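Asker: Whatever this is, show me its structure:
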Amino acid sequence: MTKHIFVTGGVASSLGKGITASSLGRLLKSRGLRVTMQKLDPYLNVDPGTMNPFEHGEVFVTDDGGETDLDLGHYERFIDEPLSRDSNATTGSIYSAVIAAERRGDYLGKTVQVIPHITDEIKRRITRLASDDVDVVITEIGGTVGDIEILPFLEAIRQFRLDVGRENVCYVHVTLVPFIGPSGEQKTKPTQHSVTELRSRGIQPDVIVCRSEAAISDELKRKISNLCDVPVSAVVNAADARNLYEVPLVMHAEGLDDFICSLFGFTELTIDLSEWESLVERVENATRPVRVGIIGKYVSLIDAYLSVVESLKHGGFFHGADVEIVWIQAEDVEGLLAAGRLGDLDGIVIPGGFGERGVEGKIAAANYARENDVPCLGLCLGMQVMTIEFARNALGLTGAHSSEFAPRTPHPVIDLMETQRDVTEMGGTMRLGAYVAKLEPGSQVARAYGSEVVSERHRHRYEFNPKYRSRFDESDFVCSGTSPDGRLVEFIELRNHPFWVGTQAHPEFKSRPERPAPLFREFIAAALSRSEGRNPHLPNLDVDPVSASASEA
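Answerer: Got it, this is the predicted structure:
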């Protein structure tokens, strides 16, 4: 029978429940177990698709078009398994399902209540990930124990153990052991209170993961064990690691996977961490300096570009490069260019986004990269602004723009497809999930992928306008990848440029630390070539992103 691990958090948010869950998933997979993962979020939005990036950070997209929490990106990068829309559920989606069932008469006139109807729906979301192809389902509960909005989730996972049997469920609780400077001590009291709160909801944790700045002593572990009623071997210290990808090794050294495998009866499974250890070694030895500017709208909350950043790092690991990210507010680009303050960049990434703010700055960055042979990678909106820039400055299409931002532009080189024009529901015009593309033989993109047929994930409404295709084809601008029917442009590149490549997709969502996304890998290679052809002792680029309020998004 499928085993279930529930990861909860206490004391404070942002302790790293997602990384803890991901690391555990990697450790169990390294023992040969088939693992999948899930995030249950307590907010009332049906999904994060309409949430402001300043509020929520990145929206991660799955192959089947699910708009999900960014923690699913961590899950996929660590366990190297594609997840689905079923791997993320929110309070909003759960209540919507229950209300829809009530309207259909599914409850036969009964009074609909949090218990049992909401909790039953939560348990159904958990159960549908369990199958004959899965040994372990790891479910992270968003929020912090004590938050009123997560009470139905705690009640559901409490009941779940009774439903499937105690031997098939493990509760992992992540807490904080803070260091109090004046007393010079690490304190266990927050952990004690957090566990007491969890136990008041009927859940006794099997494992306590203690986050701390520095390692905690065996004496403190024994104290937590005694006061929280767990074995000493189940008190796991997750002290701050040197890098994100070292955390699974830290967890293994602390015995987390050994204890859980013993609990579930997986005692005969040996672990092989050689591949992950090699990765961590490459991370530690990545020292070749390369400086990459990210031209973004949401740079005051870098989680809005989490997968982009990780993908750049993955490309760096592959080439032994230490990637320095320079955050540049898109609205500041034109002023920075005038002051000559982007000259020290080895590469430029123009990521996706929605809304008009900062678009002209992104267009200016694309122009600078094209005219100065600076490697440039455009993602989604990034590809679109590269197209607009070339239309204006190379093809002479004055006023060229996207109809998203300039409905009356004389040259809508980026536009809605005809089939999308009558759709009014928010998100209804979106192209979401994985789509196949055909690549032009011999193109830079085809060489990067090593294939002429690829699949990448999408999240956008507007497309390259095919009415202008012939104008671009007569120039050095190459439409190097299209949809199988040839109607939609998926990839662009520029002849006789080190690397000026854009894609309508989001390849960052499929990048892995051991297997970087091909475009990011080749972008870093081009940026390194530029870096190492210049003075290796580069001065610091003093660019401070201008804070933008959430209302400006």
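Asker: what about residue 251, which SS state?
Answerer: Under DSSP: H, G, I helix; E, B strand; the rest coil, residue 251 falls in the helix class.
Asker: quick one: residue 476 and residue 197, what's the gap?
Answerer: Distance of residue 476 to residue 197, computed by C-beta to C-beta, to the nearest Å: 63 Å. C-beta: built from backbone N, CA, C; applies to glycine.
Asker: Show me the shaky parts of the protein.
Answerer: 418-428, 535-553 (pLDDT under 70).
Asker: quick one, helices of the stretch 401-550 of the chain?
Answerer: For the stretch 401-550 of the chain, helices defined by DSSP state H, counting those that start in this stretch occupy the ranges 444-449, 469-473, 518-532.
Asker: can you tell which of these is closest to residue 100?
Answerer: Across these, residue 100 has its closest neighbour in helix 518-532 (40.5 Å, C-beta to C-beta).
Asker: which secondary structure element contains the residue nearest the centre of the chain?
Answerer: When C-alpha atoms, centre = their mean is applied to the chain, the residue found nearest the centroid is residue 73 (3.5 Å). Taking DSSP states H and E as the criterion, residue 73 maps to helix 71-79.
Asker: Tell me how far that helix lies from the chain's centre.
Answerer: Relative to its chain's centre, helix 71-79 lies at 7 Å (C-alpha atoms, centre = their mean, to the nearest Å).
Asker: Run through who's touching it.
Answerer: Helix 71-79 has contacts (C-beta atoms under 8 Å, 6 or more residues apart in numbering) with 17-19, 21-23, 25-26, 29, 35-37, 39, 58, 60, 62, 81-83, 87-88, 140, 248, 306-307, 310, 509-513.
Asker: Show the subsequent helix or strand relative to it.
Answerer: Following helix 71-79 in sequence order, the next helix or strand is strand 88-90 (DSSP H and E).
Asker: can you pull the buried residues of that following strand?
Answerer: 88, 89, 90 (16 or more other C-beta atoms under 10 Å).
Asker: contacts for the helix or strand just after it?
Answerer: Next helix or strand after strand 88-90 toward the C-terminus (DSSP H and E): helix 91-104. When contacts are defined by C-beta under 8 Å, 6+ apart, helix 91-104 is touched by residues 41-47, 107, 112, 117-118, 121-122, 125, 149, 152.
Asker: Can you list which of these are found in strands?
Answerer: Among those, the ones falling in strands (DSSP state E) are residue 41.
Asker: Now intersect the contacts of helix 91-104 with the helices, please.
Answerer: Counting by DSSP state H, the contacts of helix 91-104 place 121, 122, 125, 152 in helices.
Asker: Which of those residues has the largest number of neighbours?
Answerer: Among those, residue 122 has the most neighbours (other C-beta atoms under 10 Å), with 25 neighbours.
Asker: got the contact list for the nearest residue to that one once chain neighbours are set aside?
Answerer: Leaving aside its chain neighbours, residue 122 sits nearest to residue 156 (3.8 Å; criterion: C-beta to C-beta, 6 or more residues apart in numbering). By C-beta under 8 Å, 6+ apart, residue 156 lies in contact with 118, 119, 120, 122, 123, 126.
Asker: would residue 156 count as being in a helix?
Answerer: Yes. Residue 156 forms part of a helix when assessed by three-state DSSP.
Asker: and which of the contacts of helix 91-104 is nearest to residue 463?
Answerer: Distance ranking of the contacts of helix 91-104 against residue 463, using C-beta to C-beta, places residue 47 first at 23.0 Å.
Asker: Report how many residues lie close to the residue lying closest to that closest one once chain neighbours are set aside.
Answerer: Nearest residue to residue 47 in three dimensions, chain neighbours excluded: residue 67, at 4.8 Å (C-beta to C-beta, 6+ apart). The local packing of residue 67 (other C-beta under 10 Å) involves 21 other residues.
Asker: what about the residue of the chain positioned farthest from its centre, distance to residue 102?
Answerer: The outermost residue of the chain, judged against the average C-alpha position, is residue 109 (42.1 Å), by C-alpha atoms, centre = their mean. The spacing between residue 109 and residue 102, counted by C-beta to C-beta, is 10 Å.
Asker: Fine by me, we can end here.
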